[in-house]
Structures are given as C-alpha cells and as structure tokens.
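> Give the three-dimensional model of this entry:
(3 chains)
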Amino acid sequence: MTVLTRPETPPATRPASPPTRRRTSRREGKVWVPWLFLAPALVLFLYFKFIPMGQAVVMSFQDVQPYLGNSWVGTANYRDLFATDEFVAALWHTAVIAVFQITGALVLGFALALLLEGQARRLWFVRSAAFLPVVVPVAVIAELWRIIYYPTEDGIANQIIGVFLMEPSQWINSPDSSLLSVILVGIWRDAPYNMIIIIAGLVSVDRSLYEASSLDGAGWVRRVRYVTLPALRPVMVILLTLAAIRAMRIFTEVFLLTNGGPNGSSEVLMTLVYQLGFARNELGVAAAGSVVLLVATIVLTLAVRVGSKRRNA
Amino acid sequence: MNRNLDTALGLGSQNPVWLRALTALACAVVVLLFAGPLVALLVGAFSGSHDPSHLSLFPTDLTLENWRAALDRNVLRYLANSLIVVGIGLLLQMAVSVLAAYSLARKKFRGAGIVLLLIMATMMLPEEILAIPLTIVLSDLPLLHLNITDSLPGMIVPLVAWGFGIIVMVEFMKEVPRELEEAARLDGAGEFRVFWSVVLPAVTPALGVIGVFGFTMIWDQYMLPLLVASDPENYTLPLALRSLRADPEVGIGIVLVAATLAMLPSILAFLGFQRSFMRGISSGAIKG
Amino acid sequence: MRRFAAFVGAAAVLALSACSGASAAVEVEQAPTDKQTLEIWQRKSPGGPSDKIGQELVAAFTKATGIPATMTSISDEFEVKLQQRAVQRNLPDVVINDTAQLGNMQTQGLLRQIDRDAIEGADDVNERAWDGARAYDGDYYGVPVTAHTVALFNRKDWRQNLGLDVPEDWDSLVSMWKAYADGDPTGTGEKVAGLALPGTTQRGYMSWSTSTYFWSGGGEYFEETPDGYRSAVATDESVRAATWIRDLSCKADVLQPGASSYDSGTTKDLFKSGGAGSFLVAPYELASLKEALGSDLEVLTPPPGPAGLVTLAEGNNAYLMAGSANETAQEEFAEFMISAQGQEIGMAGDRDGNIVRLPVNSTVDMADTRDDPDWNLFQKLFDENGRYVPAVPNWNPFLNESAKTLNALISDCSLDVRSEMEKLDDVFTAELAHQEVLAP
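All right, here's what the predicted structure looks like:
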C-alpha cells in the first residue's frame, strides 16, 4: 500500500536500520566519508532545530528579560500558562479547528475523489484546477478570503449564502462566526490535497471486487460503502493523523485572517504563543507554550507509530 | 465485461445523458469553487474597480494602474527578495539534501540509524514551534556570534537543511543498483566521482521532485521571514501582503497585484512540474 | 555506549542553548564619537508621505551634525517588530513612537533615562508635553517631539442636507448620527453609518478610540491615591459611560457594520470614501481628509458629555534605546528634533505626512508654517481639554484588556455591561498588583 504525505509532515517511514548488505566492501571507504557528506545537514539541523529546541526548554524555566537579565523561576511559567483562561480557550479552539477542518476536508476530498477518479483528459484538467489552492501560498489564500468574507451585504460570501436565503454574516469579524470562517478556508485548501491522495489510493482498489458487488446487484452506495471505503481505510488513517499533527500548529491562516480575534474567539495555540512572546513580553511563558506544543506533537506522533505497528503485527 | 466499474461510482461515457450532464455540471462547480477565486484575484489585479468587497471573474475596466501604483509601494523589491530567497535557498537545499541522502542511502556506518532518527525528529520541529528561541539563535549564532536577522541570509540558511527533502532523496537513492557503483569503483573512481557521475545522474527524476516541493515550501514560508525581517526593505512578498493590506494609505488594487505576484510562480511551478509533483506525493511513501 | 553518546549529545545541545541565551544587561562599549551612526525607527507607513518627511528630517540632521543616520518606517505590527529586536538584543538606536508606549518599554529596561538638563533646548519644550515622557517613577525616559489631541471630523454636507445644527451635547450628537444612518444624507439611498469607529482589539484600538467618550461620560480607568492606584472601571459612572459607548452599536445602531474589526486605517478609508458621517481622530489625518473631502469636511469641537469635555492627548517621544553604542549621537538627534529647525521640518507645513502635529517647542509659532486654521482648534483642545493616559508603569495591558471588554460589548449585545465591567475591574486590579502599584 502506498501512502502519501505532505512536504512538511514526517513521512511515516520506519526509522529503518541502515540498509543491510551482504558484505561490507572495503571500498566503502574511510570511516569519516559518510560523516563528511552528512556534515552540512547535521550542522544546520543542530543550529536551527536542536539548539532552538534546547533553548526553548531552558527559557521555559526562566523569566526572560533581554535587557534586564534572565532569572530562573522553576515551573512558574508552566503554572501561569495553564492557569490562564486564554490558554484553555486556545487549546479548545485548536481542537475544534482540528476536528471540523479535518473531517470536512476528508469528506469533501473523498467526494471530489469519487467524482474525479478516472483517466479522461477532462478529469485531469478538473483535478489540476481543483488542486491549485494547495500550491498557492497561505498568505495569498488568507488575503483572498478576507475579500471574500467582506462583512457587508454585497460581500462575496454573503451574496453566496444570500442565494440560499441566509442572513448576511459578519464572518471573520464576529466572535460567533470567526472560528467557522477559519475552518471553511482550511477545508477549501485541504480538500483538494486529500482528493489527490485518495484518488491514488483508489487506484489500488481491486476492480474485481467492484464487479463482484455489481453482480450481487449492489448499487453504487453499497459499492462505495462495502468495497471502496474499507479499501481506503489505511490511507484515511494516515491522512487523519498527519492532519491532526499539522492542525496543532496552525498559525499563518489564523494570524492573517483573524489574528485570534475578535475578542479572542479564534485564538489558537500558536497565535497565543506568538502574542505572548512578541506582544506581551512574556517570553518565558511563550517558551513554555512551545514546549507543551512540542511534547504534544511528539506524543501524538509516537502514538500513531505504535498504533500502526500494532495493527501490522 | 462491464467497463463502468473502472471507478467506484462508475461514471463514464456509457452513462445516460442526464447523468453525464450532471457530472459535467458538478465538474464545472468544482473548477469554479477552487480555481475561480484565484482567477478572480488575477483579474482584480488588472481591473480599475477599487471596491474592497468585490472580485469578479470577468474583467471590467481593464487597466495597468494598479501595477504602476504597486511599483511606488516597493512591490518589485518584495518580489526580488522572494526570488532571491527561493533561488539561493532551493539550490543550497537540494545540494545539502543529495549529499546527506547519498551518505544515508549508500553507506553503511555506525550511527546511521540515529542520524535518520534525528532527521525525522527535525520534522516535528517546524519554525512555528521554535519561533521564539529561533529568533534568539538567529541574532547570535552560538560560537560564531553572528547576527543574521533582518537580512536575506537569515531567511535562507535555516531552510537549507530540510528533513523531507533528505528522506525522499534517500528513498530514491536506495533504488540505484549497486552494480553501477561497484563498476565505477573498479574503474578507480573516487568517492566524489561515484556520487557525482554515477548516483546523481541516476536520480534526476528525484531532483525534480525535491526541487518542486522545495520551491513550494520555501515560497510559502511565512513564519521565518516574519521572525527575521524587521525593515520592510527585507520583506518577502507573502510578508508584504499583510503590511500592504493593513496600511491605510494603500488601496486594495496594490494588494491584489502583490497577491497575484505571490501566487503566479507557485502555480507555474506546479503546472510545469506536475508530474514531479504527483510523483513526490506518492514517494513520501511507506510500505505499511 | 550509544546511550552515553546520546546523553553527551543532549547535554551539549542544552549547554550550547544555555550559553547562547541572553545574559544580564551589560554596559555597551561606545563607538568613538566621530564614528557613531544611528538607526532610527518610526511607526509610519513605509513609502508613505510621513516616511518621506522622516527621510527629509534625517537628511537635515545628518547635514547639520555630520552623523550618518537611517530612518526606517514600519507601520504594521510596529511594537511586535520592536519586541523581536529586543529579544535579539539588537534594538535600533532611536525609536519615535507613542507616549503611551513609554511604560511598556521602560519596565523592560529598553529605554535610557533622560537627564533633562543635559538635553540642549529642553527648556523650550512645553511642560504639558514633558508629562507624556515621564514614567511612573517620576523620571523621564523619552524626549517629547510632538503632541496632539482629537477632534470630531464631520461631513458638513450631510449635516446640512439633513438641516441639522452643529451638535452641542451628546443627545444632539447621537441624533445626528442616527439621522446619517437612517435619513439618507447623501440623497442617493446608499446606506451609510453615523460614526466610523476603529473597534478592533488589535493594539487596543477599541479602547483608544473611545477613551474621549469614556472620560467625557464620567468614566475613569483608575482612582489615584497617594499609595497607588485602584481600578475604577466598575463604578456607576464608568458603567454608565461604557453603556453609552455600547449603545452606539446596540441601541442607536450608528456604527459601521463590522466596526469591531476595523483598525484606524480601514476606519479612515471608510470615512474618506463616504461610508460614515463622523470620525473622531487626531490632526495627523487632517491633510489627507481635507484633500479627499474638501469643503464637505468640518472639524468640530467634540460636544461635552455628562462630565464635560476631556479629549485624549497623545504625542510621540524620541526614545533613546538601551544597548546602543551611539549614545552621543542619540542625544544629538533628540536635540535636533526639538530644535526649531527639526520641529518645522516635521510639521511639514500644510502638507500631508507631518510627523510633528502640534509643535512641542514653545518658540515655534504654528502660524509661521501652517495656514489651515483648524490646527488652532487642535492646539486649543490640547491646551484646555487634553489628557494623557494614566501614568501607570505599563499602560498597555490595561489598554488591551479594556479594548477587549468594549469590543465584546459592541459585538455581543446580549452581554450585561455591569458584569462585564466588573470582570474587567478584577483584571485591572490583578494587573495593578502585578505591576506593584495597587493601592492597599
């Protein structure tokens, strides 16, 4: 089975043991040769990933004051963080976005995949057109949707829902609809991506099963339900977990669409950390927030890995 | 044999006319929904209307006025910054990826497992999570004591080592037959010759894959430039979009021009390298 | 063995991280006086008219003193950018920014203390302006370079179309706004708003843009006692003032739709393009609004509220930032900015883009450089009604929290004003305690 991943997410390749070979050739060269080839990558990772990570841990136990000097405060930053309503609210908003955006994008992506599966050139064109939002920079998407969400009656989104006789909405400008507005943009951007992956998954569905179910007199609903969906399950599971890990650190969309507002109604973990660090001078607390996020990511990743291993066993 | 059943829904040319019409309609809606807004953005950049609530698929009042005004607002500078970052960044990123992958895919050495694990770990450490400490590190690189903030190198160097690029490359390089390498070595080729003349040519399609993904990844960067740049002279296009929009003295027309400029290269890259793109999507692959 | 290596590696990373972290502030070695340069920041739109005036000012400074200097204009997220530079321990040398930012920067140790006697020309700067440069501890941490207050920009043509007089009190003010919103003042049937209000929580705009109404309505942020401050936002007067502000949205419905997400820029655009009839704003918008609206625009004294008229006074200070290797040059720049020459360049005559609104140098006569008489109205309001925000150590958290509360009140009309203000009161009290100035 083939599973596809997005560039910034960890491919769930097994941290395989080094490629096994029958014998070690003397021509493998000197011991330092592999390290020479690896050196640029390792040095850069050390500087821009591991040292900052270590620094986040160190800072999370400090009151960080660049011009007054840092002091150790033990776990006070973590206590401050968990004690604020904002952090709890941000956790909740992040979870809401994750659940609804992921589900929405998966359902819509699946529907698109069913509609656009096939070899015809026309379908290829439609698929490419639908895929465009995935490659366009998030910053552009956000500005575009700010225009679509313009809160007057003749705003584009309001005209569209007006066709269905719905009242104009304030979209990103009201605490009631800001989170929903962010989710809709996320679904719009993620669904085509899911579509492509699901279509790739559909290729591997055994065609003879379709025929068998057809001979049994099953309609398309039952065919999708009993043949297609079960065959796609592994793809879906991976898609889901990768999306969940990604959703935890959602930042740019929210930052540009609502900046966490109005009234904190769409504040997510990363926008909160950013605000704490660069708007409110609570660098230590912000670092604690980063560490919490990091730990959550690691736990989720390991859980997925252990879970998928167990299934394979 | 029922050819309908090539796909789950069995949509195809032998469906009744009404169903085919419905399918075509659905396809039209899909194109309109996903590509329509992007086209409207492009059209808006060329039209004279300055109503911030409107975008239209059909040009009214075609003009280059927005583009002229955008030049006054330094948009070319932002574009140049973005192009420099993506150009140099991508080149370095691909170089670092192939070097590291060569070692991991073709060499057997103590510690390879740990290195691979570390590289995977870096993918759990995106700029978003590291934002605050990364800002500090960039302003005073440990041991070197260099400050690379508020400069283009500051936006490039941290992207040069990219876990995804390395791992995709490893997968491809593992497939290169060992015999090729052995033969070259028997001919007396040194380490670098083997890498440069044997392994690298065998993985050119993979270069396309990490190239197009790397391009999209760097072009889409937001957090890193946000942390690095403070002088607007150093803004990249995505970063400039927000400050242009938030600026009371700048109209929506200029924002649309900047958005179009930020959008087009990524779309062109996708359309030009579509096959590499799709191939890449299936090569972050795992055998479950 | 492997485990040991991993342990050593992790320890090394932590050690590197720890030593790369910022340590305590140290004296910065000064550059030789003839080698000093300046990096100056101002919170202005890059490439805009104020940026150009800023460049002129810096060029004149370099010409007069021989000190090379660059002026960087940043408008979007200025404080965030500055904070980033603070985190990097690499602040610009001079920052020209709002008086209200003083406490925030001072409590973080980002500012050099100013010795008034050591600044040439300091005696020419009027005393009320110096108020905006003083921190809670009574010391000065900036050099005032400009001051201003707000007045009511109004659509004269709309008012006259509807046959209304200039509003003299709050009742006639609200009925004028209602008439704009409901009475078709443009005669085109186009729906317009009464008052354009920047109501976003961002940078505390909502609180900032309504503080004139809040004070004039009898509201107070704090009660000042000899031993410190006490929150006053839940008093009857404050609740009444807040209710009046929220009723603009929930009862009279005279605000522009989506007011709760407008910042000052979008609000100005709205007013400029005829989307609303009134806009309470400072004179830095005078030139550009005059240019856009011409004789349709009038600038009015805001009608007094139940507690009289108190208008929000603001200004900019030149802040000399900590950690600079160019201290002599910093001082010379501040001296240049308050000199008659510096003030006049900054005032930019009647042109758009002035960075000096009302001159702080009392030897400068406004009439020498400006013909527009509306400027005198601002001067009169500043002298008689102007009031700076309270000199708590750090005003920002209070600004942001009150903005959040008021923003919630205008966006959600089901909220109870008193209980929201009581919640705010708790937050204020906690923050005062946090800043260690809570009266016992």
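> Could you list which residues are in contact with residue A:172?
A:146, A:149, A:151, A:178, A:181, A:182, A:257, A:258, A:266, C:261 (Cβ atoms under 8 Å, 6 or more residues apart in numbering or on different chains). For the C-beta atoms, the positions are set from N, CA and C on the backbone; glycine is no exception.
> ok, now residue C:279?
Counted by Cβ under 8 Å, 6+ apart, residue C:279 has contacts C:152, C:153, C:154, C:195, C:196, C:267, C:268, C:271, C:285, C:289.
> quick one: residue C:136 and residue C:393 touch, right?
Yes. Using Cβ atoms under 8 Å, residue C:136 is in contact with residue C:393, at 4.5 Å.
> if I look at the two, which residues touch both of them?
Common neighbours of residue C:136 and residue C:393 (Cβ under 8 Å, 6+ apart) are C:103, C:437.
> circling back: as a markdown table, the contacts of residue C:279 with neighbour count, secondary structure and distance to chain A would be great.
Below are the contacts of residue C:279 laid out as a markdown table (neighbours: other Cβ atoms under 10 Å in any protein chain shown; DSSP: H, G, I helix; E, B strand; the rest coil; distance: Cβ to the nearest Cβ, whole Å):
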| residue | neighbour count | secondary structure | distance to chain A |
| --- | --- | --- | --- |
| C:152 | 20 | strand | 25 |
| C:153 | 26 | strand | 22 |
| C:154 | 26 | strand | 23 |
| C:195 | 28 | strand | 17 |
| C:196 | 28 | coil | 14 |
| C:267 | 26 | helix | 13 |
| C:268 | 23 | helix | 17 |
| C:271 | 26 | helix | 16 |
| C:285 | 19 | helix | 23 |
| C:289 | 21 | helix | 22 |
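> Please go through those residues and note which also touch chain B.
Filtering these for proximity to chain B by Cβ under 8 Å from any Cβ of the partner chain leaves residue C:268.
> Pick the one among the contacts of residue C:279 closest to chain B.
Within those, distances to chain B taken as Cβ to the nearest Cβ reach their minimum at residue C:268, with 5.1 Å.
> you'd agree that closest one is up against residue C:282?
No. Taking contacts as Cβ under 8 Å, residue C:268 lies outside contact range of residue C:282: 10.9 Å.
> Quick one: list the elements packing against the top helix by length along chain B.
If you go by DSSP state H, chain B has its longest helix at helix B:75-106. Other helices and strands packing on helix B:75-106, by 3 or more Cβ pairs under 8 Å, 6 or more residues apart in numbering or on different chains; DSSP states H and E, are helix A:32-45, helix B:112-122, helix B:152-160, helix B:163-174, helix B:204-219, helix B:237-246, helix B:252-272.
> now, which of the contacts of residue C:279 sits nearest residue C:299?
residue C:153 (5.8 Å; Cβ to Cβ).
> Might you enumerate the residues of chain B proximal to chain C?
Counting by Cβ under 8 Å from any Cβ, the residues of chain B near chain C are B:72-74, B:114, B:132-133, B:135-143, B:147, B:149, B:227, B:230-233, B:242-243, B:246-250.
> same question, chain A
Residues of chain A lying near chain C (Cβ under 8 Å from any Cβ): A:46, A:50-55, A:57-59, A:62, A:64-70, A:151-152, A:170, A:172-175, A:259, A:261-264, A:277-281, A:283.
> Just those: which are in helices?
A:51, A:52, A:53, A:54, A:55, A:57, A:58, A:59, A:277, A:278, A:283.
> Near chain B, list only the ones from these.
Within these, those near chain B by Cβ under 8 Å from any Cβ are A:51, A:52, A:53, A:55, A:59, A:277, A:278, A:283.
> how about those residues in JSON lines, adding neighbour count and pLDDT?
Putting those into JSON lines (neighbours: other Cβ atoms under 10 Å in any protein chain shown; pLDDT from 0 to 100) gives the following:
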{"residue": "A:51", "neighbour count": "24", "pLDDT": "93"}
{"residue": "A:52", "neighbour count": "29", "pLDDT": "93"}
{"residue": "A:53", "neighbour count": "24", "pLDDT": "93"}
{"residue": "A:55", "neighbour count": "27", "pLDDT": "92"}
{"residue": "A:59", "neighbour count": "29", "pLDDT": "92"}
{"residue": "A:277", "neighbour count": "27", "pLDDT": "89"}
{"residue": "A:278", "neighbour count": "25", "pLDDT": "87"}
{"residue": "A:283", "neighbour count": "28", "pLDDT": "90"}
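> of all the residues you listed, which two lie farthest apart?
Across these (Cβ to Cβ), the longest gap, 20.0 Å, separates A:51 and A:278.
> in chain C, what spans have low per-residue confidence?
Low-confidence segments of chain C, defined by pLDDT under 70: C:1-8, C:11-27.
> Need the residue closest to the centroid of it.
Chain C has residue C:98 as the residue nearest its centroid, 4.9 Å off, counting by Cα atoms, centre = their mean.
> So it is in contact with residue C:318, correct?
No. Using Cβ under 8 Å, residue C:98 is not in contact with residue C:318; the gap is 11.9 Å.
> Would you check how far apart residue B:179 and chain A are?
Separation of residue B:179 from chain A (Cβ to the nearest Cβ, to the nearest Å) stands at 12 Å.
> All set now, cheers.
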